[in-house]
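[1] prediction below, plus the sequence it came from.
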Amino acid sequence: MSTKEATPAVELVGIEKRFGAIQVLHGVSFAIYPGEVVGLVGDNGAGKSTTVRIMSGALQPDRGELYIEGRKVRFDSPIAARREGIETVYQDLALAPHLSVKANLFLNREELKPGLLGKLGFLDEKRMGEEAVKKLDLLHIKIKSMDQLIQELSGGQRQAIAVARAASWGSRLVILDEPTAALGVEESKMVLDLIRRVRDSGVPVLLISHTMPHVFEVTDRIVVLRQGRVVATAVTKECTLEDVIMWITGAAVHAG
């Protein structure tokens, strides 16, 4: 899609972050537009995790602004970020293995029965089950049963459930931290297909990954961090793997 006329779904402007004497982020600025997948890449220590934690409300920047659809916001917690439609899937997935697929999709967002029973705290299991089926069907995720326990699923299926939960509630941005890191070839392909379907639903995705072939396979644009600075922003199809590696290592400077 063309991003020239669109308002960014999420935009960072001049983000700085210091931990004691060490400055981790130096004026980080980039935008993510509706309906695109952006890859955030860089070597270990480049500042990716700190950037993501600021976007997800786990950290607050020392300087700089964060905008949601052109509106300046400041998150004091992950809950505040989720209220604005930003969902993050970290490497540990944050799933409850002893609970069902349905329960995990609605974890901390459980729906209560109408009327007195709801006031007494009774959950609307039927409605959550029906909604869970719709959420997974929308993303073409195949699970034997909504009552199946997370601990019974494969690694790829667990990742799919975590992404589906994020996509269900992340109306403005889904952030995925190394979603294919522990997966085999077939399960990685399933997750990459899922990322495309989330994008095609209109929800942008920020993909953090060291697996460059996956970044090139699924992203529309790539943002490169090096030593806490954005050193390159490029349209994926207009650059090569060698270009990105040189930007990451500092062997070349982005000309764009």
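    Arrived safely. Residues are numbered from 1 along each chain as shown.
[2] ok, G184 - how many residues close by?
    For G184, the neighbour count with other C-beta atoms under 10 Å is 12. Any C-beta I mention is one placed from the backbone N, CA and C, and that applies to glycine too.
[3] need the contact list for it.
    G156 (C-beta atoms under 8 Å, 6 or more residues apart in numbering).
[4] how much space between it and M190?
    Taking C-beta to C-beta, to the nearest Å as the measure, G184 falls 10 Å from M190.
[5] between those two, which contacts overlap?
    Here G184 and M190 have G156 as joint contacts, going by C-beta under 8 Å, 6+ apart.
[6] pLDDT weak spots in the stretch 151-256 of the chain?
    Within the stretch 151-256 of the chain, the segments meeting pLDDT under 70 span 170, 255-256.
[7] quick one: the strands in it?
    173-177, 205-208, 221-226, 229-235 (DSSP state E, counting those that start in this stretch).
[8] distance to R53 and mean neighbour count for the ones you listed - can I get that in CSV?
    As requested, these are arranged in CSV below (distance: least, C-beta to C-beta, whole Å; neighbours: other C-beta atoms under 10 Å):
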stretch, distance to R53, mean neighbour count
strand 173-177, 10, 25
strand 205-208, 11, 26
strand 221-226, 14, 23
strand 229-235, 17, 18
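[9] of these, which is nearest A46?
    A46 lies closest to strand 221-226 among these, at 4.1 Å (C-beta to C-beta).
[10] sheet-wise, list the partners of the closest one with their directions.
    Paired neighbours of strand 221-226 in the sheet (DSSP bridges): strand 37-41 (parallel), strand 229-235 (antiparallel).
[11] for that strand, the distance to its chain's centre please.
    15 Å (C-alpha atoms, centre = their mean, to the nearest Å).
[12] do the same with stretch 25-37
    Centroid displacement of stretch 25-37 relative to its chain, using C-alpha atoms, centre = their mean, is 12 Å.
[13] then stretch 224-234?
    Using C-alpha atoms, centre = their mean, the offset of stretch 224-234 from its chain centre is 19 Å.
[14] same deal with stretch 67-78?
    Mean-position distance between stretch 67-78 and its chain equals 16 Å (C-alpha atoms, centre = their mean).
[15] and stretch 227-240, by the same measure?
    With C-alpha atoms, centre = their mean as the basis, stretch 227-240 stands 19 Å off its chain's centre.
[16] contacts for it?
    Where contact means C-beta under 8 Å, 6+ apart, the residues beyond stretch 227-240 that reach it are 23-30, 39, 45-47, 50, 215-216, 219-225, 243-244, 247, 250, 253-254, 256.
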